[in-house]
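K.L.:
Provided below for reference: sequence and predicted model.
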Amino acid sequence: MRNTLMRSLALAALLGAAACQTVAMPAPTASSAHIVAAIADAARPAADTARDADRKPAEMIAFGELTPGDKIGELIPGGGYMTRILSKAVGPAGKVYVFASAPVQREGQPPPAAPVAAITADAANYRNVQVVITDFTKIPAPEPLDLVWTSQNYHDMHNPGRNLDINAANKAVYGALKPGGLYVVLDHQSARGVDFDAQKHRIDMAKVKAEVLAAGFTFVDESQVLDNPADDGSKGVFDASIRGKTDQFILKFKKPG
């Protein structure tokens, strides 16, 4: 009787220990089903899909470790190229919070469109996208985030007209993330010896890394998938000879915890 009782207690202990263990999920890859489906999304406009060969979005979001159900923050979405992909990659159980500046009304011009208006209007496809207006010194996320993403626009936070405290902005990102959450920064590499060039829309990778680490993040990894050694950074990113093929870095940071 005593042996039976001891065996039962031992089995219960083993089952309890197994229940407490976290099952490690495999890291997503460019060929993961949810990523492939996000890139193949038929609702993406042709102007976006035409850029895929240069921008390599599957590799980019795999590097960001996106999984279905994730809660994502996207800083400065531009035209929404990444917004649509992020939306479909996290799926209906996930959420994409787009953090953008308030549109500026210019004298004599029609009212400006809201950020990513065409995406938020398409509820049939992108119901999980929500725009949050901010000055970037605060990231008012409605819930803790798994990932904050910004692509080709981190340099914009340095533009003279913004007068933005970049340390405050990065600390705001830090505060919006869950412990262990990721911050991915993708941008155009500036010319050698130039840390920031507003006219050419470029910034130095080393400058970005130093700024983000100063906000309390730890550095995780760098991707070379968008490297282009032929681009020396001397031309603006919209120059016809280099547009879409600039030398770009992708840095991944983590909030400790």
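P.N.:
Arrived safely.
K.L.:
Might you list the low-confidence residue ranges for the stretch 101-250 of the chain?
P.N.:
Scanning the stretch 101-250 of the chain for pLDDT under 70 picks out the ranges 105, 107-108, 111.
K.L.:
show me where it has helices.
P.N.:
Along the stretch 101-250 of the chain, counting by DSSP state H, counting those that start in this stretch, helices occupy 117-120, 123-126, 166-176, 205-214.
K.L.:
What are the buried residues along stretch 174-193?
P.N.:
174-177, 181-191 (16 or more other C-beta atoms under 10 Å). No exception for glycine: its C-beta is placed from N, CA and C like everyone else's.
K.L.:
in stretch 238-248, what's buried?
P.N.:
242, 246-248.
K.L.:
residues touching the nearest residue to Pro160 once chain neighbours are set aside, list them.
P.N.:
Residue nearest to Pro160 in three dimensions, not counting chain neighbours: Ala198, with 6.5 Å by C-beta to C-beta, 6 or more residues apart in numbering. Ala198 makes contact with 155, 158-160, according to C-beta atoms under 8 Å, 6 or more residues apart in numbering.
K.L.:
ok, now how distant is Ala198 from Ile242?
P.N.:
Distance of Ala198 to Ile242, computed by C-beta to C-beta, to the nearest Å: 17 Å.
K.L.:
re earlier: out of the contacts of Ala198, who's nearest Val220?
P.N.:
His155 (21.0 Å; C-beta to C-beta).
K.L.:
how close does that closest one sit to Lys200?
P.N.:
Separation of His155 from Lys200 (C-beta to C-beta): 9 Å.
K.L.:
One more: Pro26?
P.N.:
Pro26 is 39 Å from Lys200, by C-beta to C-beta.
K.L.:
For the residue nearest the centre of the chain, list the residues it contacts.
P.N.:
Centroid-nearest residue in the chain, with C-alpha atoms, centre = their mean: Trp149, separated by 1.6 Å. Applying C-beta under 8 Å, 6+ apart to Trp149 gives the contacts 64, 72-75, 82, 86, 184.
K.L.:
Which strand residues bridge it?
P.N.:
Glu74, Val184 (DSSP bridges).
K.L.:
how close does Ser31 get to Ser223?
P.N.:
With distances taken as C-beta to C-beta, Ser31 is found 16 Å from Ser223.
K.L.:
between those two, who's got more neighbours?
P.N.:
Ser223 (19 against 9; other C-beta atoms under 10 Å).
K.L.:
was I right about that one contacting Phe63?
P.N.:
Yes: counting by C-beta atoms under 8 Å, Phe63 is a contact partner of Ser223 at 4.7 Å.
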